[in-house]
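Chemist: Coordinates only, no sequence provided:
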């Protein structure tokens, strides 16, 4: 069975928010839209986003890491939001594993958001229905789009190409290879949700300098005389 | 709900996809704008665009909310008779009224004294037109915002290596092995740099970030080296010291391609002390360096012409020429200069341990030497030596405002250029690479006017408003050596202010120093808020009156797309369009979007009709130029020459028959010529067919070593990019600076600085880089104000253009002052508390956040998230004005009075670069009884006539139905 998912490379994510707003602009006018904004031009503006970047610090100065952490629905293989839904509005597609909400059946009871350990669901406060990432289901399955464009908006937008998209059940897919070879991990595996989205950890490149690299025979200083004789007295003038 | 797999977006409404160029920031990516029933449905990156290759950033993805923002102004407005300036009491007028009153006023000024009209623009990517308009008008009082942005970066590197970071060049991360980013540098070429850094890291490259703050790209650096603000020069000089002492420099590169081995006259008693020794020979006049300098040859142990075949010069030593002139190679002088700049010396200044400084130097030097790249490309240098390959020393740097926005930035950036040269990385694979039209001669050929007589009634300016002085005679000063320009650019106060000093324009005009003006025309420059230093005072200057009741700045014209803070102060408001509603060019005459591989320029074409009565700024200039009958805009009989801006772009040539115009692509009658060729009436159509972008890829062996690549230089000359196909030797030692210094020392015939400025010019025009504490710190009680305050650029709000944007403002609706918990512990406040941040000039109340990702002597915030109440279409109680704050209130536009002058700009003394990042502050807890609101507060700006009414509590944007609701 196909399980579509995102693999997010924290080694290159600079926290630019391209994924956040490209998601918003695609989805607000798309199948899963609108993504409503409250107080769009006033105090405390807040709106529905399917994807957000959280930034946090790890460690103490000067050994501090600043981590940009994009987060959206993880499309769990065992999604706790689905069985708790009293109306069947929350469902997992059998064909590609994407977890979706049918707004026509959603009653806005929020059971799913309580069940989700990741805080990935957002209630549309105006329409009173639950909304969340669809992996741009209306892009990825739209055969009217070119193959290049049949990807989630966030994946296409990401300037750092920190977002990989594909089938995590296909061992040869780009995402499976990345997870396998680069230590891809799941969020909170102890919850038993088996999230499909994975994260790739930071990797630090260091340089080792051999001391001999600093004492080489081809040192250009050897081309310059270390001293210059300008006629001053030496032992050659006085010793016998 | 419909099954999403049966749903197709392309079947909903009438779908159109149009290509144009983004302008949500200055990066200028190619975009596809998808329309549904005429409304913007989706904006994504153009996959075929050479710059962004399909990606797009947070801002670019939010273009919809810029287009449909209620902050837009839609009608020409005139301040109501009797209304106070700044009160936003306007009446709607027609364009005919607007143009008539402007034409009448400007025609009078042009006939009386063109200096009375000043045109300053916030963006500098349309200078080709705005600068030309100013020149045609005859006013010298023109510049874009470069003076308060990063002119130190432009000038510091262009006066050293003939090119610069910015649009003109950048790090070649495709080939680099080590990448060092110094200071905040996220705001130019942003998407290409993000793409390049990520690919670089994936290939295993090592990324070091040197920055007081770990945010932005620094977050993914392999190593973060926190540094104290303003001390970058000390670090770079200490690294230079270490490289020279360990022999980790590229000797062959320096000898061939820089003036390292050239002999400098070394006799302080002589008037020509510090100049390069030049053999007497016939020298052709031109703005290139004639090949008449000398090396000291090892074999013959005597002088020899530079680049003599077979010669091997010394870099070190002290010699006497046959005529008795004592000389030293400039490298020897550099070595002497950095002798005292040891890592141990730099440690307390920079806060970086000496061992780390040493290691950084070793990493750079060893990577450059031992991981060389050889590209199998045959090329010929300017001395006719043929080479079978091009070598790269794969160490790349990037820096921008973090280095630039200090009063010691010019010399710091000179030091960086020299460091990059020592490592042998200039226009080589894996190092710094130029982008067309660079490299250019050091300095480039265009020059400002040289005296007040260049300004004459009803006559174009004799010279270019902005240029590149090479000697004191190129300064724009009067007989007393004082400034001719309002902003005092190109005067002895800031001789190399190649981008002007926009940050002093309002203050100088208000004070009438050097003279009062009549009309100030601002385009897209928020000079009553975040684009100005000392914001509160500048707002008062704008409304200050003479005893007779007249405003000290009599007439203020503001052209903007949105109801910015500055619009409130206008006497005449001209509503500009968005980037989706206009024709635009990103021209080779200006700041194109060239790539390392060759020239690239681009256009915008209108996707949507202008909102209301909005008119593109460029159309306004063409209209005004035609009405004022400025020579370039009219035929010989005085009739209008250009129908509109697109017509102007296609048909204008820099001179009749030059074949050089604003656009480089599809020139010639049939569109088959590039860069140079006759006007092509179908040029816009060709651009539209090609994604609005033109790219000329140079042959591979013309893509490197361009300062000295004979093939490239001749190609560039043949295509009108440069005047001389002469080598552009790197200026390790700056003879240009020494000429100014000699003048200050009274050792040079010709122009002399005024007495009060002699010491200043002598000090700062040092031909070799040196470190000095930023001027504000020198003149401030740093015990009372122990902290440095900085801003950083959030990637979702580059340029702070987008508080009117409903999506982007949800990411940054207000800002905090980030600081080390140690500061809070010392001052007794906690994370999240309201605090006062105070400089010697004033104080601002804001909320603080503790951070471990900041050097403890530094506090910082995101740039210009705070807005004045009611501006930008936001409600008066929006977070931007209640919780957000502006650091600008704390930063003065002038230095405290001192020996060199009473009103010197708070700027770099060489370039006039605004020293934003020099400000010193202290932070203390706000009284708990004080309101939980930022201070200062300003009277809310009301909605303007023609501006949309306040939108409701909910907004659900769905393309195709949003505008119909």
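Modeler: Yep, it's here. Note that the coordinates shown come from a computational prediction; the quantities given were computed from them, not determined experimentally. Residues are numbered from 1 along each chain as shown, chains lettered A, B, ... in the order given.
Chemist: Please point out which parts of stretch B:280-294 sit buried.
Modeler: Of the residues in stretch B:280-294, B:287-289, B:291, B:293-294 count as buried by neighbour count, 16 or more other CB atoms under 10 Å in any protein chain shown. Glycine gets a C-beta too; all of them are placed from N, C-alpha and C.
Chemist: Just the ones in helices from the residues you listed, please.
Modeler: Using DSSP state H, no member of these sits in helices.
Chemist: want to throw these into JSON lines with distance to residue B:961 and pLDDT?
Modeler: As requested, the buried residues of stretch B:280-294 are exported to JSON lines (distance: CB to CB, whole Å; pLDDT from 0 to 100):
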{"residue": "B:287", "distance to residue B:961": "60", "pLDDT": "80"}
{"residue": "B:288", "distance to residue B:961": "62", "pLDDT": "81"}
{"residue": "B:289", "distance to residue B:961": "64", "pLDDT": "84"}
{"residue": "B:291", "distance to residue B:961": "70", "pLDDT": "85"}
{"residue": "B:293", "distance to residue B:961": "71", "pLDDT": "96"}
{"residue": "B:294", "distance to residue B:961": "76", "pLDDT": "97"}
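Chemist: which non-adjacent residue is nearest residue 175?
Modeler: No chain in the question, so chain A it is. Once flanking residues are discounted, residue A:175 sits nearest to residue A:166: 4.0 Å by CB to CB, 6 or more residues apart in numbering or on different chains.
Chemist: sorry, should have said chain B
Modeler: Residue nearest to residue B:175 in three dimensions, not counting chain neighbours: residue B:430, with 3.6 Å by CB to CB, 6+ apart.
Chemist: So what's the residue count around the residue nearest to residue A:175?
Modeler: 21 (other CB atoms under 10 Å in any protein chain shown).
Chemist: now it, what's its secondary structure?
Modeler: Three-state call for residue A:166 (DSSP: H, G, I helix; E, B strand; the rest coil): strand.
Chemist: Show me what it is bridged to.
Modeler: Beta-bridge partners recorded for residue A:166 (DSSP bridges): residue A:5.
Chemist: surely it meets residue A:5?
Modeler: Yes: the pair residue A:166 / residue A:5 is scored as a contact, 7.3 Å apart, by CB atoms under 8 Å.
Chemist: Now do the shared contacts for the two.
Modeler: Any residue near both residue A:166 and residue A:5 by CB atoms under 8 Å, 6 or more residues apart in numbering or on different chains counts here, and that gives residue A:175.
Chemist: Now do the contacts for the closest residue to residue B:406 other than its chain neighbours.
Modeler: Spatially, and ignoring its direct neighbours in sequence, residue B:406 is nearest to residue B:230 (4.7 Å; CB to CB, 6+ apart). Contacts for residue B:230 (CB under 8 Å, 6+ apart) come out as B:406, B:408, B:773-774, B:777, B:788, B:917-918.
Chemist: any idea which of those residues is closest to chain A?
Modeler: Comparing the contacts of residue B:230 against chain A with CB to the nearest CB places residue B:788 closest, at 15.3 Å.
Chemist: So, low pLDDT: which residues of chain A?
Modeler: For chain A, applying pLDDT under 70 flags the ranges A:226-229, A:240.
Chemist: hmm, who's touching stretch B:276-289?
Modeler: B:259, B:262-265, B:290, B:292-294, B:303, B:305, B:321, B:325, B:327, B:330, B:441-445, B:470, B:723-724, B:726, B:728-729, B:733, B:735.
Chemist: Compute the first-to-last residue distance for it.
Modeler: 11 Å (CA to CA, to the nearest Å).
Chemist: and the longest helix along chain A, anywhere near chain B?
Modeler: The single longest helix within chain A, with elements called by DSSP H, is helix A:18-28. Yes: residues of helix A:18-28 contacting chain B under CB under 8 Å from any CB of the partner chain: A:18, A:20-22, A:24-26, A:28.
Chemist: among those residues, which two are most distant?
Modeler: Taking CB to CB as the measure, the residues of helix A:18-28 next to chain B span a maximum distance of 16.0 Å, between A:18 and A:28.
Chemist: neighbour-wise, which of the two wins?
Modeler: Counted by other CB under 10 Å, residue A:18 and residue A:28 do not tie: residue A:18 has more neighbours, with 33 against 27.
Chemist: can I assume that one is in contact with residue B:56?
Modeler: Yes: between residue A:18 and residue B:56 there is a contact at 6.3 Å, judged by CB under 8 Å.
Chemist: Which residues are in contact with each of these two?
Modeler: By CB under 8 Å, 6+ apart, the residues touching both residue A:18 and residue B:56 are A:157, A:159.
Chemist: residue contacts, the spatially most central residue of chain A?
Modeler: Geometric centre of chain A, nearest residue: residue A:8, 3.5 Å, by CA atoms, centre = their mean. For residue A:8, the contact set (CB under 8 Å, 6+ apart) comprises A:70, A:162-164, A:197-200.
Chemist: That one is in what secondary structure piece?
Modeler: In this assignment (DSSP states H and E), residue A:8 forms part of strand A:4-9.
Chemist: Identify the residue nearest residue 153 in space, chain neighbours excluded?
Modeler: Since you didn't name a chain, this refers to chain A. Going by CB to CB, 6+ apart, residue A:153 has residue A:26 as its nearest residue, at 3.8 Å.
Chemist: Let me rephrase: I mean chain B.
Modeler: With CB to CB, 6+ apart as the criterion, residue B:153 has its nearest non-adjacent residue at 4.4 Å, and that residue is residue B:404.
Chemist: Brilliant, that's me finished.
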